[in-house]
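Asker: What follows is a predicted protein model with its sequence.
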Amino acid sequence: MVQTALPASIDETLRLLESQDYLAGRPLATVLYLALKLRRPLFLEGDAGVGKTEIAKVLAKGLGRELIRLQCYEGLDVSSAVYEWNYPAQMLDIRLAEAEGVTDRGRLERDLFSEKHLIRRPVLQALSNASGAAPVFLIDELDRTDEAFEAFLLEILSDYQVTIPEFGTIKAAEPPIVIITTNRTREVHDALKRRCLYHWVDYPSASLELAIVRRKVPGCNERLASEIVGYVQRLRRLDLFKNPGIAETIDWATALTELDRVALDPETISDTVGALLKYQEDIARIQGSEGRQALDAVKAELLAVG
């Protein structure tokens, strides 16, 4: 993996993201540049599907850094997130020591709690990376964990070190590039947010989403792409159970392109809506009058602008 230097300006940050086909606005590029420059974690908040996780992925790829991902979930604990000991291997070593008649308990304990038995989970991997450059450490969907783990993470981000009672303290030679995402299903404590730079990632504007579709689905008919984006933008104003994200827009454009469609119509929408919406309540809603009104409005708007 070829490593590149950190961007030296906001414009370079924009170009770095664009080189990985991630089109971002200047506010996002600005806070990302500052997070890299100041070596501060970046806290990204927003609805599911707006591209928060993708930022960490393209950043790692663009900088030639390893991406270490901690996927958060309810009940996440230290053994899953930080480290644990390889108990089966330790038990085997104990049996072998007994068979060999080893009586030095201090030596046996040192062997049992040594590097060879230490299983490094994402947090410890991020702090002990030995590749020569700090990795990108993605802490994804932090709001899914409980407050106890959040407090533990706060301690780690303060000093970038972990103390293992049987082993010692492991401190990062160079702090990782930390990206934290949350879908805001619950509020994250202010103490953790204060350690970070913050940015709300919103759905893109129509013009930016159209540019994304053009970049990601180059074979998509121009009229179709405009209608898709206009239609998705209107659906997001309907307060659906789950608004379609950017990934769903791209999936839908790809599906319609594969079907050789050049424009939207009610039948096409009905046949392919499963690529865009994931809840039956939302699908039923747009198959009624609201969906038809949205399509008519999009076509009228595009006709007016030529």
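Answerer: Nice, I can see it.

Asker: Let's see the distance spanning stretch 139-149 from one end to the other.
Answerer: 12 Å (Cα to Cα, to the nearest Å).

Asker: list the buried ones in it?
Answerer: Buried residues in stretch 139-149, counted by 16 or more other Cβ atoms under 10 Å: 139-145, 149. Just so you know, the C-beta spots here come from the backbone N, C-alpha and C atoms, and that holds for glycine as well.

Asker: Just the mean pLDDT for that stretch, thanks.
Answerer: For stretch 139-149, the mean per-residue pLDDT is 92.

Asker: can you give me the strands for the stretch 151-300 of the chain?
Answerer: Using DSSP state E, counting those that start in this stretch, the strands found in the stretch 151-300 of the chain span residues 161-164, 168-171, 177-182, 197-200.

Asker: tell me which of the buried residues of stretch 139-149 is nearest to Val123?
Answerer: Using Cβ to Cβ, Ile139 comes nearest to Val123 of those, at 8.7 Å.

Asker: and that closest one, helix, strand or coil?
Answerer: strand (DSSP: H, G, I helix; E, B strand; the rest coil).

Asker: which residues touch it?
Answerer: 70, 72, 153, 178-181 (Cβ atoms under 8 Å, 6 or more residues apart in numbering).

Asker: Quick check: chain neighbours aside, which residue is closest to Ser158?
Answerer: The shortest distance from Ser158 to any non-neighbouring residue, by Cβ to Cβ, 6 or more residues apart in numbering, is to Arg195 (7.0 Å).

Asker: Let me see the contact set for the one you found.
Answerer: By Cβ under 8 Å, 6+ apart, the residues touching Arg195 are 40-41, 154, 157-158.

Asker: export those to a markdown table and tack on distance to Asp251 and pLDDT?
Answerer: Output for these, formatted as a markdown table (distance: Cβ to Cβ, whole Å; pLDDT from 0 to 100):
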| residue | distance to Asp251 | pLDDT |
| --- | --- | --- |
| Arg40 | 34 | 95 |
| Pro41 | 31 | 96 |
| Leu154 | 37 | 86 |
| Leu157 | 35 | 87 |
| Ser158 | 40 | 86 |
